[in-house]
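S.K.: Sequence plus predicted model, see below.
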Amino acid sequence: MCFLHSHYLLSPLLPSLELSVVVVVVVVVAAVVVVKVVVVIVVAAAAAVVVVEVVVVVVVAAAAVVVVVVLVNAVLT
């Protein structure tokens, strides 16, 4: 403990340097987390677009089947 105390006395800038390193590490980790959250949001948005496109295709296909059934029914009767 005495060595550490004398070490801090010899270099008074060391605690502020350590604090700066901690701040930089925290900022970098926060930036990585923000980037990952943005990537997840973008991927979720892309998945939502794909789901909407699939729903539109299914609805259009169902409408086409209804039209074909109505036309066939009209021709047969």
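M.R.: The structure has been received and is ready for your questions. Numbering: from 1, shown residues only.
S.K.: C-alpha from now on. contacts and neighbour counts both.
M.R.: Noted.
S.K.: the helices in this protein, which residues?
M.R.: Taking DSSP state H as the test, the helices found in the chain are 2-10, 14-76.
S.K.: Point out the most buried one among those helices.
M.R.: The highest mean neighbour count among those, using mean count of other CA atoms under 10 Å, belongs to helix 14-76: a mean of 12.
S.K.: Point out where this protein drops to low pLDDT.
M.R.: Scanning the chain for pLDDT under 70 picks out 1-17.
S.K.: any idea which residue sits dead centre in it?
M.R.: For the chain, the residue nearest the mean C-alpha position is residue 40 (1.6 Å; CA atoms, centre = their mean).
S.K.: Report the separation between that residue and residue 30.
M.R.: According to CA to CA, to the nearest Å, residue 40 stands 15 Å off from residue 30.
S.K.: same deal with residue 59?
M.R.: Applying CA to CA, the value for residue 59 to residue 30 is 43 Å.
S.K.: How much space separates the residue nearest to the centre of the chain from residue 59?
M.R.: Relative to residue 59, residue 40 is positioned 28 Å away (CA to CA).
S.K.: for residue 77, same thing?
M.R.: 27 Å.
S.K.: repeat for residue 46
M.R.: Following CA to CA, the distance that separates residue 46 from residue 59 is 20 Å.
S.K.: do the same with residue 50
M.R.: Separation of residue 50 from residue 59 (CA to CA) stands at 14 Å.
S.K.: again with residue 52
M.R.: Residue 52 is 10 Å from residue 59, by CA to CA.
S.K.: between the two, what contacts are shared?
M.R.: When contacts are counted by CA atoms under 8 Å, 6 or more residues apart in numbering, residue 52 and residue 59 have no shared neighbour.
S.K.: If anything else comes up later, I'll come back, but that's it for now.
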